[in-house]
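Novice: coordinates only, sequence not included:
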């Protein structure tokens, strides 16, 4: 039996509330258990991570840090001390959160989910912006290879940081086979969340500014499909930086009876709410990938999304991709209902391109790339010294 190559995956940044970036890496880890490869992956995670994701230990070794890593300063300190010491046992380190320690003992793969803060610096605090500019640019220079979730993110790294294109690989997001199996019943959800018999559209997103909840609220307040008083917008996801502003807009526009903020819900409730919807609406200004788009397609629900960032790339021709103005969106639901069967069928076909196995295969190709590059460099140095 061949000896497996030891890979350490740094998930110390993966604390409650990080959202889709955590799902992206967790689904890759699940995919690694579905395909053949010669890597042995150890996950380095915050304290309490195994309790949140008990299934992970069935497939990979998980080593928890001596902290929950919710404070950035603590997490950075652990990455530069505890993690560096642990990485001495690894043949390769995969840093999943867009940054990496300044001292690295092993060849490295860096996953960058997006660099939204370059295009929307106003959406982050000045302190965090300064940190991101310093740490991410340094990590991009030092990493042996970089993985991104979309061609869009790859292009932003080339544009903003002059990263060579050959140093970047796209590792697609993938959905696990069991994803569709978890869904609460429509009757239960209507009763539990007070939806009655009303029409429903869903928006699964943390209330961060770039998610653009305000755009949907303005749609509800004007004429068109969304102004129908029998229609309710159901928002799921935790509280983000725009939470207070979004709540205030609801009150200002008199929409309190037409918008449901459910906060974080279980996976089964999220899926059930999407399945019962006329559409999953996603007017985000910026997404490195936008997993809810393919999640809704897999659940058999039409997607109406913006034409910003990676969303056209992810939705392809299977979603209704619209410019961010109320005129284009005002009759979107009518258009969806006229072509519903066609759109649903196109979505189901589209998601066959986004599986955990395919995602994991591209990740393995990145690992192979890093080690081949390192081995070539060692060989070249040996030849030069002879």
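Specialist: Yep, that arrived. Since this is a predicted model, take the numbers as computed values, not measurements.
Novice: which residues are contacting stretch 140-148?
Specialist: Under the criterion Cβ atoms under 8 Å, 6 or more residues apart in numbering, residues 95, 100, 102, 104, 107-113, 154, 157, 161, 163, 167-171, 288, 362-363, 366, 369-370, 373-374 lie in contact with stretch 140-148. The C-beta positions use only the backbone N, C-alpha and C, and glycine is treated the same way.
Novice: end to end, how far does that stretch reach?
Specialist: For stretch 140-148, the first-to-last residue distance is 12 Å (Cα to Cα, to the nearest Å).
Novice: Now do the strands in the stretch 51-200 of the chain.
Specialist: For the stretch 51-200 of the chain, applying DSSP state E, counting those that start in this stretch gives strands covering 61-64, 92-95, 108-111, 145-148, 168-170, 199-204.
Novice: Give me the next element, helix or strand, following the longest one.
Specialist: Elements were assigned by DSSP states H and E; along the chain past strand 199-204, the next helix or strand is helix 213-221.
Novice: If you count contacts, what does that next one end up packed against?
Specialist: strand 231-236, helix 243-252, helix 326-329 (3 or more Cβ pairs under 8 Å, 6 or more residues apart in numbering; DSSP states H and E).
Novice: pLDDT of that helix, averaged?
Specialist: When pLDDT is averaged over helix 213-221, the result is 96.
Novice: what's the answer for stretch 119-134, then?
Specialist: Per-residue pLDDT over stretch 119-134 has a mean of 91.
Novice: and what of stretch 261-268?
Specialist: On average, the pLDDT along stretch 261-268 is 94.
Novice: mind starting the numbering at 208 from now?
Specialist: New numbering, starting at 208: the last item is stretch 468-475.
Novice: mind listing the helices for the stretch 458-593 of the chain?
Specialist: Using DSSP state H, counting those that start in this stretch, the helices of the stretch 458-593 of the chain run over 474-482, 498-505, 518-522, 533-536, 539-545, 547-557, 563-592.
Novice: picking that back up, is it possible to mark the buried ones in the contacts of stretch 347-355?
Specialist: 302, 307, 311, 314-320, 361, 364, 370, 374-378, 495, 569-570, 573, 576-577, 581 (16 or more other Cβ atoms under 10 Å).
Novice: Look up how far residue 484 lies from residue 549.
Specialist: 17 Å (Cβ to Cβ, to the nearest Å).
Novice: scratch that, residue 302 is what I was asking about
Specialist: 36 Å.
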